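# Pasting the sequence and the predicted coordinates here, then a few questions.
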Amino acid sequence: MVLDLFDYHRNTFCRNEPNELVGTAFTGLGDNMFPEPGAGDFDARWRQAIAHTIRANGARDRFGTEKDYFRAPWRAHLGQSLMSRQKFRARVLPRPQGQLVEEWFCPALYYDAAAQARALPVLKILLSPAWVLKAHDLIDTQLVVHVIRRPQGFAQSWWSRYVTGIGGGPEKVFADNQPSLIRILQHFGREEEMPSHYSLADLVVSELWRWRYMNEVLLDQMSGSDRYLTLAYEDVMHNKLPWAEKLYGFAGLEMTPACRQSISSMQNTLFKARKSDGLDPKMVEEAVAQVIGDSPFRDKLLNVDPGAVS
């Protein structure tokens with residue numbers, strides 16, 4: 001939703017989760033969750049990754065917005081209609097080792113490269129606190145918008161969209177969480193809580209520890225920066241225009257009447273409804289209390305407009 005708010009501006013270039021695409025410029029940057037000592041070339045690699053990413057499109061990007069750097073409306077409509085289709089991309093893009101390409105340079109058919117280079121790049125970088133912290137320290141023009149979702153809503157969404165979807169099921173996700181979980185529990189001095197075997201309750205707790213770590217390390221190390229903005233997911237979902245105005249001001253973008261109109265009438269159509277039994281709310285509340293009960297940022301992690309939570 002926040003990426004979509006930025007994408008309504010005619011002079012932004014928005015990329016959705018480019019670090020999740022296989023074989024992109026972010027490959028080789030090192031661990032994205034935990035800080036790595038001695039990664040002396042991170043600065044150069046990060047800058048190279050960004051330089052590449054803001055000249056390319058990817059399989060997770062949105063298509064259909066209007067931009068000042070499009071060559072002509074008909075070209076943009078034709079180009080985006082074609083490039084948004086995976087089957088078309090499979091025919092026109094190279095397939096190294098037989099794999100579908102997930103990222104490609106912006107087609108000259110409808111992109112004016114010089115004009116596009118002047119647009120503000122907005123990248124949704126998923127689940128990468130170590131990278132964000134390093135880059136914020138190294139690049140004094142880089143802004144960070146940190147979206148925090150209430151843990152109860154996060155857990156339910158994670159369960160229905162990931163665990164019972166692409167994650168491979170509860171026991172596989174539990175096993176996948178173990179390597180990071182032990183490091184996270186060590187970070188918080190709670191190693192004795194490392195589970196020895198699978199249970200549904202421990203699966204939820206393990207993911208909430210990951211949620212706490214990824215949010216809290218950013219809050220802990222960046223809260224004093226004027227290049228860092230936090231916002232609550234639920235607040236934005238229910239108050240899109242006021243938050244868009246704040247985001248645009250933070251990024252130095254003009255809120256035009258056209259942007260205001262588009263944002264006021266926008267609908268969240270990114271996710272399709274999925275049929276899945278949700279988690280027991282009582283179990284989730286108990287897991288939340290166990291994981292963040294002693295957090296010094298507990299109020300910030302839970303602090304949203306009460307009217308925004310149904």
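Structure received.
# how far away is the residue nearest in space to the middle of the chain from residue 19?
With the centre of the chain defined as its mean C-alpha position, the nearest residue by CA atoms, centre = their mean is residue 126, 3.7 Å away. Residue 126 sits at a distance of 6 Å from residue 19 (criterion: CB to CB, to the nearest Å). From N, CA and C alone the C-beta is placed, and that goes for glycine too.
# Could you pull out the helices in the chain for me?
2-7, 42-53, 73-83, 86-92, 113-117, 129-138, 151-158, 170-187, 200-222, 233-238, 240-251, 257-264, 281-292, 298-302 (DSSP state H).
# And the contacts of the second one?
It refers to helix 42-53. 15, 18, 24-26, 28-30, 121, 123, 131, 134-135, 138-139 (CB atoms under 8 Å, 6 or more residues apart in numbering).
# Can you flag which of these belong to strands?
Judged by DSSP state E, these include 15, 121, 123 as members of strands.
# now these in JSON lines, with distance to residue 252?
Shown next, in JSON lines, are these (distance: CB to CB, whole Å):
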{"residue": "15", "distance to residue 252": "19"}
{"residue": "121", "distance to residue 252": "13"}
{"residue": "123", "distance to residue 252": "16"}
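# just to revisit the earlier point, ok, so of the contacts of helix 42-53, who is nearest residue 256?
residue 121 (19.2 Å; CB to CB).
# nearest residue to that closest one other than its sequence neighbours?
Excluding its sequence neighbours, the residue lying closest to residue 121 (CB to CB, 6 or more residues apart in numbering) is residue 54, at 4.2 Å.
# contacting residues for the one you found?
Applying CB under 8 Å, 6+ apart, the residues near residue 54 are 13, 15, 117, 121, 123.
# Buried ones among those residues?
13, 15, 121, 123 (16 or more other CB atoms under 10 Å).
# Does the third one touch residue 13 like I think?
Yes. Contact status for residue 121 versus residue 13: in contact at 5.1 Å, counting by CB atoms under 8 Å.
# Which one of the buried ones among the contacts of residue 54 is nearest to residue 195?
Closest to residue 195, out of all of those and judged by CB to CB, is residue 123, at 34.6 Å.
# quick one, what contacts that closest one?
14, 15, 18, 50, 53, 54.
# Thank you, goodbye.
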